[in-house]
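> dropping the sequence and predicted coords here.
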Amino acid sequence: MALLASTAVVLSGCTLSIDGEATSIYNDPFQVAGLDVTSGPSGARKGVPDADLPVTGTDGGEIDRMVANAVSDIEDYWRIEFPALFHRDFEPVAELISWDPRNSHGPRFCGDSTAEILNAGYCSIDHTIGWDRALLVPEVAEKFGTVAAVFVLAHEYGHAVQTKAGIADANTSGGIVREQQADCFAGSFMRHIAEDKSPHFTLNTSDGLNKVLASAVAIGDADPNDPENVHGSAFERVTATQIGFTDGPASCTRIDESEIEARRADLPQRFADESDDGELPVTEESIEAFFSSFRQIFDLSNPPELDLNGADLACADADVTEPVSYCPATNTIGVSVDDLAQRGTPGYTGRNELFQTKLTGDYNAYVLLASRYTLALQSARGDDLHSPQTALRAACLSGVITAALSPDNPSTLEAGSVWLSPGDLDEAVSGLLTDGLAASDVNGRTVPSGFSRVDAFRTGVLGSEETCEGRYR
């Protein structure tokens, strides 16, 4: 975030899952793209024989067995889907290659040494897939679960599918198209697992799927100014994954540069200069600047009051939701400034880590502030503030605010307001997938599916206030 014409001056929220009635594939908080929200096991099935796939360079360990099982299930999936979609025979990859990047004498991948290659990849030259079994894949599995590691392999297999289908050619399509399509294909395979069709893996559609999406956030491109970063932002990666999960592999083939550009809308894509990190520390001054911006975005006849003396407002008709609360009885938003500032403090990757589990930064805090402001808007409309739809409207309307804060938005805010920076949406998405407080009702109760929370937020970012009100009734 930044202040217009001004000098820029992990707290877990109290969230609970709430019960409700199903209504539709789009606004039902207890379904994920038409599937029931489940809370069963996620990970490797117990007692299932390992796949009989040879792996070059393997150490015979658990990671390589898991990856071989993943590739086996992915190939079973594409043996059906590939001919149906592309009207040609499916051709499995020619070889699976495993390496330890700390070993200078490991196998070669795509003609190159695998020493210090902390990655997984697909090689179109010889139609092979390889992975780092010692650092990358174990860290993904440890931080986000086994199925998140399967997601990595499904993404790489998506590139194999592109190559053999002759779509999104590297010489004619931008790298972002190839990567977004691969995320989408991986999302379609995640649904295959969630539908209990994978021999070796299971995936629940609450915490399990949340972690898969969180892994896409963590491994997204961090520096939008770097031309080598072609995977897309976390917001874009999660969107592509959700497209595949919701609409299947055919939808992935329709992702092209124009479709991606339409999804980017007026959102900022580059930092202004090398010194710009997009971070605006949370202070009383910055909170007041946000409130000024919110008042311009939503023209309320009776806007809420701001109380910076703490989130506990002794409210008669709502619980405290640290670090920000809304009290309908007094139409007041209370903020525990220090706690909100802690929530908005950027995280850093540890010396022995490849990536953070949760992407944190200033917009983790400010989107929560925005979501509590949206409760005042809902209250003014006479909406129920104690339902799952309340929670999804809060996320959706927070997306409307987010889009309005873009410096490229045609409705430019006046000087002294705030504007969006690249990476802010990624921080918002990370929070929505973890504690979900920005997608909660007035008592801090969220919905169980991070997929639904992010979908609601994106609906607002790409839609309007009326879209949110109409969709989440």
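In hand now; what should we look at? None of these values were measured; they are calculated from a predicted model.

> what does the residue in the chain sticking out farthest from the centre show for phi and psi?
For the chain, the C-alpha lying farthest from the average C-alpha position belongs to His105; by C-alpha atoms, centre = their mean, that distance is 37.0 Å. In terms of degrees, to the nearest 10, the main-chain angles of His105 are phi -110, psi 20.

> the strands in the stretch 251-400 of the chain, which residues?
For the stretch 251-400 of the chain, the strands defined by DSSP state E, counting those that start in this stretch cover 305-307, 324-327, 332-335.

> any idea which of those strands gets closest to Gly175?
Of all the strands of the stretch 251-400 of the chain, it is strand 324-327 that lies closest to Gly175, at 39.1 Å by C-beta to C-beta. Using the backbone N, CA and C atoms, a C-beta is placed for each residue, glycine as well.

> what packs against that closest one?
Contact here means 3 or more C-beta pairs under 8 Å, 6 or more residues apart in numbering; DSSP states H and E; on that basis strand 324-327 packs against strand 332-335, helix 362-381.

> residue ranges with poor pLDDT in the stretch 51-200 of the chain?
Counting by pLDDT under 70, the stretch 51-200 of the chain shows low-confidence ranges at 170-174.

> and with 80 instead?
168-174 (pLDDT under 80).

> that older thread, of the helices and strands packed on strand 324-327, flag the one that's most buried.
Of all the helices and strands packed on strand 324-327, helix 362-381 has the most neighbours on average by mean count of other C-beta atoms under 10 Å, namely a mean of 25.

> what does the average pLDDT come to for that helix?
Along helix 362-381, the predicted confidence averages to a pLDDT of 96.

> surely Lys358 touches Gly347?
Yes - checked against C-beta atoms under 8 Å, the pair Lys358 and Gly347 is within contact range at 6.7 Å.

> picking up where we left off before, so which of the helices and strands packed on strand 324-327 is nearest Leu413?
Nearest of the helices and strands packed on strand 324-327 (C-beta to C-beta): helix 362-381, 13.7 Å.

> just the CA coordinates for that closest one, please, in PDB.
The C-alpha trace of helix 362-381 is given here as PDB (Å, rounded to 0.1, in the frame of the first residue of the first chain):
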ATOM      1  CA  ASP A 362       0.600  -4.700   5.300                       C
ATOM      2  CA  TYR A 363      -2.400  -5.800   3.300                       C
ATOM      3  CA  ASN A 364      -3.000  -8.700   5.600                       C
ATOM      4  CA  ALA A 365      -4.000  -6.000   8.100                       C
ATOM      5  CA  TYR A 366      -5.700  -3.500   5.800                       C
ATOM      6  CA  VAL A 367      -8.000  -6.000   4.100                       C
ATOM      7  CA  LEU A 368      -9.200  -7.100   7.600                       C
ATOM      8  CA  LEU A 369      -9.900  -3.400   8.300                       C
ATOM      9  CA  ALA A 370     -11.800  -3.200   5.000                       C
ATOM     10  CA  SER A 371     -13.900  -6.300   5.800                       C
ATOM     11  CA  ARG A 372     -15.000  -4.800   9.100                       C
ATOM     12  CA  TYR A 373     -16.000  -1.600   7.300                       C
ATOM     13  CA  THR A 374     -18.100  -3.600   4.900                       C
ATOM     14  CA  LEU A 375     -20.100  -4.800   7.900                       C
ATOM     15  CA  ALA A 376     -21.200  -1.200   8.400                       C
ATOM     16  CA  LEU A 377     -22.300  -1.100   4.700                       C
ATOM     17  CA  GLN A 378     -24.300  -4.400   5.200                       C
ATOM     18  CA  SER A 379     -25.800  -3.000   8.400                       C
ATOM     19  CA  ALA A 380     -26.900   0.100   6.600                       C
ATOM     20  CA  ARG A 381     -28.600  -2.000   4.000                       C
END
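
> hmm, back to that, and of the strands of the stretch 251-400 of the chain, who's closest to Ala214?
Using C-beta to C-beta, those put strand 324-327 closest to Ala214, at 22.5 Å.

> which strands and helices lie in contact with the host helix or strand of Val147?
Using DSSP states H and E, Val147 sits in helix 146-165. When contacts are defined as 3+ C-beta pairs under 8 Å, 6+ apart, helix 146-165 sits against strand 43-44, helix 62-86, strand 120-123, strand 128-132, helix 136-144, helix 175-194, strand 201-202, helix 207-218.

> where in the stretch 251-400 of the chain is pLDDT low?
Applying pLDDT under 80 to the stretch 251-400 of the chain picks out residues 264-278, 348-351, 353, 355-358.

> please repeat the previous calculation with a cut-off of 50.
Per-residue confidence for the stretch 251-400 of the chain (pLDDT under 50) gives these ranges: 271, 275.

> and the helices in it?
Defined through DSSP state H, counting those that start in this stretch, the helices belonging to the stretch 251-400 of the chain, from first to last, are 257-264, 284-297, 337-343, 362-381, 388-404.

> possible to save these as a markdown table with distance to Gln242?
As requested, the helices of the stretch 251-400 of the chain are exported to a markdown table (distance: least, C-beta to C-beta, whole Å):
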| stretch | distance to Gln242 |
| --- | --- |
| helix 257-264 | 11 |
| helix 284-297 | 26 |
| helix 337-343 | 25 |
| helix 362-381 | 19 |
| helix 388-404 | 14 |
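
> out of the ones you listed, which comes closest to Pro328?
Distances from Pro328 to each of the helices of the stretch 251-400 of the chain were compared using C-beta to C-beta; the minimum, 5.1 Å, belongs to helix 362-381.

> what is the neighbour count of the closest residue to Glu156 other than its chain neighbours?
Once its chain neighbours are removed from consideration, Glu156 has its nearest residue in Tyr122; the separation is 4.5 Å (C-beta to C-beta, 6 or more residues apart in numbering). Residues within reach of Tyr122, counting by other C-beta atoms under 10 Å, total 21.

> columns distance to Ser286 on top of the strands of the stretch 251-400 of the chain, output as a markdown table?
Below are those laid out as a markdown table (distance: least, C-beta to C-beta, whole Å):
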| stretch | distance to Ser286 |
| --- | --- |
| strand 305-307 | 12 |
| strand 324-327 | 13 |
| strand 332-335 | 11 |
